[in-house]
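[1] sequence first, then the predicted structure:
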Amino acid sequence: MCLTLPLRVGLARGLEDNPRHISGEAICERRLGGLPWRDGNCPYRMSSISPQIRLVHNPQQQRFEVRIQGEVASVSYTRDGGRVVFDHTYVPEAFRGKGVAAALVRAALGEAREQHWQIVPQCSYVAAFIERHPEFASLVAAD
């Protein structure tokens, strides 16, 4: 999975030009949570006047990630039986408050919806995001 994400103008410098695409495609045309995503048509807008980066799902490391100025922001998960536990969200300090975490979590939850995962939002950021965006509440596994 790869996803092109626009970032706020402050992140323009240093974005890597050759991100790793798990899908092996330059432009992903998969659908995420019922929304199309491809260059210039990203449902995860952080700013309409910003440069774009690529978000990838890295199943080998069990995380969704973006690389910004050589640093990695990510939402990690583990599998627990039939459930997927979102256990940590990390954004380097220099890029906090710019919508990176929200875009990562939204993409991760969209993938969870597409893959029919039942999730456990162990990470406090993921839990708070779901509270603010109840359209993802149906993904949370029953106790």
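    Yep, that arrived.
[2] direction included, what does the strand ranked longest in the chain pair against?
    Looking across the chain with DSSP state E, the single longest strand is strand 71-80. Paired with strand 71-80 in the same sheet, following DSSP bridges, are strand 63-68 (antiparallel), strand 83-90 (antiparallel).
[3] for those strands, state which one has the densest average packing.
    strand 63-68 (a mean of 23; mean count of other CB atoms under 10 Å). For every residue, glycine as well, the C-beta is placed using N, CA and C.
[4] pull out the buried residues from the helix or strand encompassing residue 130.
    Assigned by DSSP states H and E, residue 130 belongs to helix 124-132. Buried residues in helix 124-132, counting neighbours by 16 or more other CB atoms under 10 Å, are found at 125, 126, 129, 130.
[5] and the angle from the longest helix along the chain to strand 71-80?
    Longest helix in the chain by number of residues (criterion: DSSP state H): helix 100-115. Relative orientation of helix 100-115 and strand 71-80, computed by axes from the mean of the first three to the mean of the last three CA atoms, to 10 degrees: 40 degrees.
[6] let's number from 69 now, not from 1
    Okay, using 69 as the starting number, the last item reads as helix 168-183.
[7] buried stuff in the longest strand of the chain?
    Under the neighbour-count criterion of 16+ other CB under 10 Å, strand 139-148 has 141, 142, 143, 144, 145 buried.
[8] restricting to C-alpha, output that strand in CSV.
    Extracted C-alpha coordinates of strand 139-148, given in CSV (Å, rounded to 0.1, in the frame of the first residue of the first chain):
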residue,chain,number,x,y,z
GLU,A,139,13.1,10.6,9.7
VAL,A,140,10.2,8.1,10.0
ALA,A,141,6.8,8.9,11.4
SER,A,142,4.7,5.8,12.0
VAL,A,143,1.7,4.0,13.4
SER,A,144,2.6,0.5,14.6
TYR,A,145,0.5,-2.5,15.3
THR,A,146,0.7,-6.1,16.4
ARG,A,147,-1.6,-9.0,15.6
ASP,A,148,-3.4,-10.6,18.5
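[9] great, nothing more from me.
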